[in-house]
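Engineer: Structural data only, the sequence is not supplied:
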């Protein structure tokens, strides 16, 4: 399967990025996920999207409620989509400590137990806190992650509060929690990909998200990292998933652009590594075009294994 760790559907035009056009709803997201995308000559779809609101929608504005009620309000559309499309969307809880650290921790626990959320997103720039100093703001929600096995996705790549190493104190404090460095330390405001790499090399519970990372650095870094420590995430919208999938597909080619990566290891990057973090069953890559076409349909999962094998 292919799992996108980083997607932002919304039923209103997002409050920070102000994208043009109509809101990028869950239905538009599903249409994009089903495109299909040609990877190593086979048609593929994005099977699961880990979804969260655009971070700007979680910043308090005039007229919004506060406390736990305000958190439920800004998470409401994501919860609706997770309930409506449980076979395609996985909930990622957007944590804004300015609604109250304990409130956020309690709401994360509620969303995990009530709606099956599996991730939490930290965005220190959008929510204006310094993560290496605001540890008391982060500890309550991280304790819930530690207890319930929730994966943490961290926005990284720009100052003043989202430089990767600023999160090292909280990462070291919670060695049993899995952390994904979103954007691999790269954003329009900075390129901190080497910081992200060395954190991944030093820490078995830290993973790198491939989206935004420069293609030449992907092949360089992938050769140094453990195979399970790279996951596929697109930050879509605004990004288009196919371009980021292509940057991983290139790794199957010869050096210097590629590294002769096997299709099995590519499948790990595209989805199986994330599947293991989310307690989902990994899948082998499709062996041929016919099997890949079968996987484009929702009926694939219900097929008898022998029928799939004969495809």
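Structural biologist: Sure thing, it's come through. Source: prediction; values computed, not measured. Numbering: from 1, shown residues only.
Engineer: Please count neighbours and contacts with C-alpha atoms only from this point.
Structural biologist: OK.
Engineer: what's the spacing between residue 283 and residue 265?
Structural biologist: Distance from residue 283 to residue 265, counting by C-alpha to C-alpha, to the nearest Å: 11 Å.
Engineer: Isn't residue 241 up against residue 248?
Structural biologist: No. In this structure, residue 241 sits apart from residue 248 without contact. The criterion is C-alpha atoms under 8 Å, and the distance is 11.3 Å.
Engineer: ok, residue 283 and residue 265, which is more surrounded?
Structural biologist: Each of residue 283 and residue 265 had its neighbours counted (other C-alpha atoms under 10 Å), and the higher figure belongs to residue 265 (18 against 14).
Engineer: What residues does that one make contact with?
Structural biologist: Taking C-alpha atoms under 8 Å, 6 or more residues apart in numbering, we find residue 265 in contact with residue 227.
Engineer: did I read that right, it in a helix?
Structural biologist: Yes. If the criterion is DSSP: H, G, I helix; E, B strand; the rest coil, then residue 265 is within a helix.
Engineer: Mind pulling the model confidence for it?
Structural biologist: Residue 265 is assigned a predicted lDDT (pLDDT) of 98.
Engineer: Can you give me the end-to-end span of stretch 9-20?
Structural biologist: End-to-end distance for stretch 9-20, by C-alpha to C-alpha: 14 Å.
Engineer: repeat for stretch 191-210
Structural biologist: Looking at stretch 191-210, the gap from its leading to its trailing residue is 14 Å under the measure C-alpha to C-alpha.
Engineer: Next, residue 198: secondary structure please.
Structural biologist: Secondary structure state of residue 198, per three-state DSSP, is helix.
Engineer: Burial check on it, number of neighbours?
Structural biologist: Using other C-alpha under 10 Å, residue 198 is surrounded by 15 other residues.
Engineer: That one: what's it in contact with?
Structural biologist: Applying C-alpha under 8 Å, 6+ apart, we find residue 198 in contact with no residue.
Engineer: Please apply the same query to residue 107.
Structural biologist: Neighbouring residues of residue 107 by C-alpha under 8 Å, 6+ apart: 68, 71, 72.
Engineer: quick check, nearest of the residues you listed to residue 257?
Structural biologist: Checking the contacts of residue 107 against residue 257 with C-alpha to C-alpha, the nearest one is residue 71 at 44.0 Å.
Engineer: Could you say which helix or strand holds that closest one?
Structural biologist: If you go by DSSP states H and E, residue 71 is part of helix 67-84.
Engineer: Show me the contact partners of that helix.
Structural biologist: 9-11, 26, 51-53, 57-58, 64-65, 89-91, 93-94, 99-100, 103-104, 107, 115.
Engineer: Give me the buried entries from these.
Structural biologist: By the neighbour-count criterion of 16 or more other C-alpha atoms under 10 Å, those include these buried positions: 9-10, 26, 51-53, 57-58, 89-91, 93-94, 99-100, 103-104, 107, 115.
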